[in-house]
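Participant: curious how this folds, go ahead:
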Amino acid sequence: MLGRRFTVHLQNTAYTSNPTNRFGTSFRSRLSTQPPKMLHPTPSTAKKIFAPTSNSEDPGHATQYTKGALDRADLLPSPTDQFHNWFQEAQSANVYQPETVTLSTAELPSGKVSARMVYMKELDARGFVIYSNWDTSRKASDVRSNPYASLTFWWRELERQVRVEGRVERLTSGESQVYFDTRIRGSRIGAWASQQSSVLEGREELEKRVEEVEKKFEGKENIPVPEFWGGLRVVPEKVEFWQGRPSRLHDRFVYRKQEGEEGWTVERLSP
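Facilitator: Numbers count the residues shown, from 1 in each chain. All right, here's what the predicted structure looks like:
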């Protein structure tokens with residue numbers, strides 16, 4: 001009975017507008033003075049950056065993505081066609097340089113990953129093409145040991161992301177020459193002069209190489225593409241289309257290429 005009476009007393013005080021104990025102290029006021037309990041202890045070392053909310057319209061909380069949605073019915077059968085559609089929308093929305101993409105490669109056998117920003121310069125039915133030095137660069141070294149790469153596009157203005165994974169293949173010199181001829185003369189000279197990623201003693205060393213190449217092609221407008229420079233195509237095996245949504249409940253759809261089969265399998269992924 002004693003236990004029962006005590007339970008009833010607590011229930012009754014819960015509905016009292018200002019319950020007090022026998023000393024006249026308000027239970028509510030006592031509770032309000034207690035420091036809040038932390039879910040996790042404060043770390044012993046101070047964080048240099050913690051939970052930034054840059055550009056958020058809700059101070060203290062991360063930016064919410066509200067500019068669109070993506071349904072299965074919106075997708076085209078081919079991921080390259082779907083990418084082309086989104087790329088055109090990005091251009092129409094004045095996304096800043098939507099061809100900018102992060103190229104990630106991994107060295108074997110160490111497994112060390114490296115990434116860098118590059119430009120996608122071509123898209124065809126086979127895949128996504130970038131151009132670079134394939135002799136001295138870090139990505140060249142990675143690809144020689146591991147012929148797989150990934151691409152990540154981020155279009156902030158549309159709150160969209162596209163991720164591509166697949167095997168890489170070099171374009172022929174003839175194919176690369178077509179794009180090479182569209183570059184300004186300085187960029188073509190630079191491709192010949194730069195031993196990309198190699199250590200320089202100073203800027204002067206690079207400028208001297210540029211002068212030497214300028215002399216080599218002086219008076220010539222048609223400059224051949226260097227043997228060590230050219231296009232690399234990422235042939236997709238998996239392509240994911242990501243549309244930002246509120247509360248981080250994003251829409252994600254992935255195209256997967258089944259080995260030995262025609263067409264693509266499309267699946268919705270959990271955010």
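Participant: so which elements touch the one helix or strand Lys208 maps to?
Facilitator: According to DSSP states H and E, Lys208 maps onto helix 203-216. On a contact count with 3 or more Cβ pairs under 8 Å, 6 or more residues apart in numbering; DSSP states H and E, helix 203-216 meets helix 185-193. Placement of C-beta: from N, CA and C, glycine included.
Participant: buried stuff in the helix it packs on?
Facilitator: Using 16 or more other Cβ atoms under 10 Å as the test for burial, helix 185-193 gives 188-193.
Participant: cool, and stretch 203-211?
Facilitator: Neighbour-count burial for stretch 203-211 flags Arg209 (criterion: 16+ other Cβ under 10 Å).
Participant: now swap in stretch 109-122 and tell me
Facilitator: For stretch 109-122, burial by neighbour count (16+ other Cβ under 10 Å) applies to 118, 120, 122.
Participant: longest strand in the protein, please.
Facilitator: strand 229-243 (DSSP state E).
Participant: which other helices and strands does that strand contact?
Facilitator: Secondary-structure packing of strand 229-243 (3+ Cβ pairs under 8 Å, 6+ apart): helix 79-92, strand 128-133, strand 148-155, strand 160-170, helix 173-180, strand 251-257.
Participant: C-terminal to the second one, what's the next element?
Facilitator: Counting by DSSP H and E, the next helix or strand C-terminal to strand 128-133 is helix 138-145.
Participant: distance between that next one and the chain's centre?
Facilitator: 20 Å (Cα atoms, centre = their mean, to the nearest Å).
Participant: give me the contact list for that helix.
Facilitator: 103, 105-109, 114, 116, 132-134, 149, 168, 197, 232 (Cβ atoms under 8 Å, 6 or more residues apart in numbering).
Participant: closest one to Gln161 out of the residues you listed, please.
Facilitator: Nearest to Gln161, judged by Cβ to Cβ, of the contacts of helix 138-145 is Leu103 at 15.0 Å.
Participant: and that closest one, how many neighbours?
Facilitator: 24 (other Cβ atoms under 10 Å).
Participant: does it touch Ile130 like I think?
Facilitator: Yes - the criterion here is Cβ atoms under 8 Å, and Leu103 meets it with Ile130 at 6.2 Å.
Participant: circling back: from the contacts of helix 138-145, list the buried ones, please.
Facilitator: Among the contacts of helix 138-145, the ones that count as buried by 16+ other Cβ under 10 Å are 103, 105-107, 132-134, 149, 168, 232.
Participant: show me the buried residues of stretch 109-122 that map onto strands.
Facilitator: Using DSSP E, these in strands are 118, 122.
Participant: wait, which of the buried residues of stretch 109-122 is closest to Leu269?
Facilitator: Among the buried residues of stretch 109-122, and counting by Cβ to Cβ, the member closest to Leu269 is Met120, at 23.1 Å.
Participant: which residues touch that closest one?
Facilitator: By Cβ under 8 Å, 6+ apart, the contact list for Met120 reads 99-101, 128-130, 151, 153.
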